[in-house]
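Enquirer: Everything below, folded, please.
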Amino acid sequence: MLVIQFLLGMYVNLFVTIPTNHPGARPPEYFSGVAQSVFWAITQSGLIFLVLHAAFGLVIVVGAGVLLVQAIQSRMRSLILTTSFGAFGVVAAGFNGGSFLNYNQDFSSMIMAAGFAVAMISYVFGLYVAAQSPSVSATR
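Expert: Sure thing, here's the model as predicted:
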């Protein structure tokens, strides 16, 4: 999911021109601006790759939360740690996607990419840790 989202984001970054004057652009308050901008991107922008990127991002945020809850329920400290870092990367990328919509600044794209990297590394390491765990290995 993260790789697909990254590729959608690269397409949007390179080939989609996002209007600088849309609901939520340059808001006086960041969080309400992000909500307005993301709602606009999904429901009113008409830019199919932006719609896909924004909507899929919300799906990934939910998925990161579900993985974190499952890790907490497993009581495996290593999985809780890796999924926490993964969720942090996903949320950081998401909020900077909102920042990009709000302010159209290139550094927001860079921070989105960094959030992707943190999430990807965290989840891959979590898979490795889970595969090495005797309690997980016994259930295979």
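Enquirer: Centroid-nearest residue for the chain?
Expert: The centroid of the chain falls nearest to V90 when counting by CA atoms, centre = their mean (3.5 Å).
Enquirer: wait, that residue sits on V59?
Expert: No: with contacts counted by CB atoms under 8 Å, V90 stays clear of V59, the gap being 10.6 Å. Bear in mind the C-beta positions are built from the backbone N, C-alpha and C, glycine included.
Enquirer: residues near S108, how many?
Expert: Neighbour count for S108, taken as other CB atoms under 10 Å: 19.
Enquirer: mind listing what it touches?
Expert: By CB atoms under 8 Å, 6 or more residues apart in numbering, the contact list for S108 reads N96, G97, S99, F100.
Enquirer: Equivalent analysis for V91, please.
Expert: Neighbours of V91 in contact, by CB under 8 Å, 6+ apart: V61, A64, G115.
Enquirer: how about the nearest residue to T20, chain neighbours excluded?
Expert: Distances taken as CB to CB, 6 or more residues apart in numbering place N104 nearest to T20, at 5.4 Å, with adjacent residues excluded.
Enquirer: whoops, F56 was the one
Expert: Closest to F56 by CB to CB, 6+ apart is Q5, at 5.5 Å.
Enquirer: what's the distance between the one you found and Q73?
Expert: Distance of Q5 to Q73, given as CB to CB, to the nearest Å: 25 Å.
Enquirer: Quick check on these two: which one has the bigger neighbour count.
Expert: Each of Q5 and Q73 has its neighbours counted (other CB under 10 Å); Q5 has more, 22 against 10.
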